[in-house]
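>>> Sequence first, then the predicted structure, then my questions.
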Amino acid sequence: MSRIGKKTINLPQNTDIKIVENNVYITGPKGKLSYQLPEVIKVKHDKKNQTLNLYKGYENKEAQKLHGLSRTLIHNMIIGVSKGFEKKLQIQGVGYRSQLQGKNLILNVGYSHPVTIKPPENILIEVENNTNITIKGIQKEVVGEIAAQIRRIRPPEPYKGKGIRYLNERISIKVGKAGK
């Protein structure tokens, strides 16, 4: 039994939900998102209490797998259109910096050339004092993927800790080679 799938989803006041057959459309102040439910999952909208409940249409392993997943995806969509998601990155290293050129992010992180990142639509990248990067958007998966893509350009190295890391990420520093 999926413990996550059984949880009720509360809808905020500023979001509207529309269910057409197996499609769920969610609209909020930040934007619109939609999700097509699998055939084995059914959704029930309680308009009086402003809640959503997901049910399995069948009792099989496939329905069990998709029950919690569908609930989590719909819950993330509701949070995305009402509040939004953000990830913060921090650049550490001498001469390492970032800047915005239009919507594109340009990173100077020790390579012979600057690295340019073009964000997809609905993703906003902000740069504060050349070393802090904030990625904002309404889709949790896309925000996380863009943050991981930026971090992958220059991950923190274990000896001095130079590189791009998530804010408050703890990097264990190795002891260097002992000289005579």
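On my side now, so go ahead.
>>> Would you map the helices across the protein?
Assigned by DSSP state H, the chain shows helices spanning 61-82, 140-153.
>>> And these: which comes nearest residue 12?
helix 61-82 (4.7 Å; C-beta to C-beta). In this view, the C-beta of every residue, glycine as well, is placed from N, C-alpha and C.
>>> Using PDB, write down the CA coordinates of that closest one.
Below are the C-alpha coordinates for helix 61-82, written out as PDB (Å, rounded to 0.1, in the frame of the first residue of the first chain):
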ATOM      1  CA  LYS A  61       1.800  -4.000  -9.100                       C
ATOM      2  CA  GLU A  62       1.700  -1.400 -11.900                       C
ATOM      3  CA  ALA A  63      -1.100   0.600 -10.100                       C
ATOM      4  CA  GLN A  64       0.900   0.300  -6.900                       C
ATOM      5  CA  LYS A  65       4.000   1.800  -8.500                       C
ATOM      6  CA  LEU A  66       2.100   4.700 -10.200                       C
ATOM      7  CA  HIS A  67      -0.100   5.600  -7.200                       C
ATOM      8  CA  GLY A  68       2.500   7.500  -5.100                       C
ATOM      9  CA  LEU A  69       4.300   8.800  -8.200                       C
ATOM     10  CA  SER A  70       1.200  10.400  -9.600                       C
ATOM     11  CA  ARG A  71       0.300  12.000  -6.300                       C
ATOM     12  CA  THR A  72       3.800  13.500  -5.900                       C
ATOM     13  CA  LEU A  73       3.900  14.800  -9.400                       C
ATOM     14  CA  ILE A  74       0.500  16.500  -9.000                       C
ATOM     15  CA  HIS A  75       1.500  17.900  -5.600                       C
ATOM     16  CA  ASN A  76       4.700  19.400  -7.100                       C
ATOM     17  CA  MET A  77       2.700  20.900  -9.900                       C
ATOM     18  CA  ILE A  78       0.300  22.600  -7.400                       C
ATOM     19  CA  ILE A  79       3.300  24.000  -5.400                       C
ATOM     20  CA  GLY A  80       5.000  25.100  -8.700                       C
ATOM     21  CA  VAL A  81       2.100  27.200 -10.000                       C
ATOM     22  CA  SER A  82       1.300  28.700  -6.600                       C
END
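>>> Mind listing what's buried along that helix?
The neighbour-count criterion (16 or more other C-beta atoms under 10 Å) identifies 63, 66-68, 70-82 as the buried residues of helix 61-82.
>>> can you check stretch 115-131 too?
If you call a residue buried by 16+ other C-beta under 10 Å, then stretch 115-131 has these buried ones: 117, 119, 122, 123, 125, 127.
>>> Isn't the second one up against residue 146?
It refers to residue 119. Yes: judged on C-beta atoms under 8 Å, residue 119 makes contact with residue 146 at a distance of 6.1 Å.
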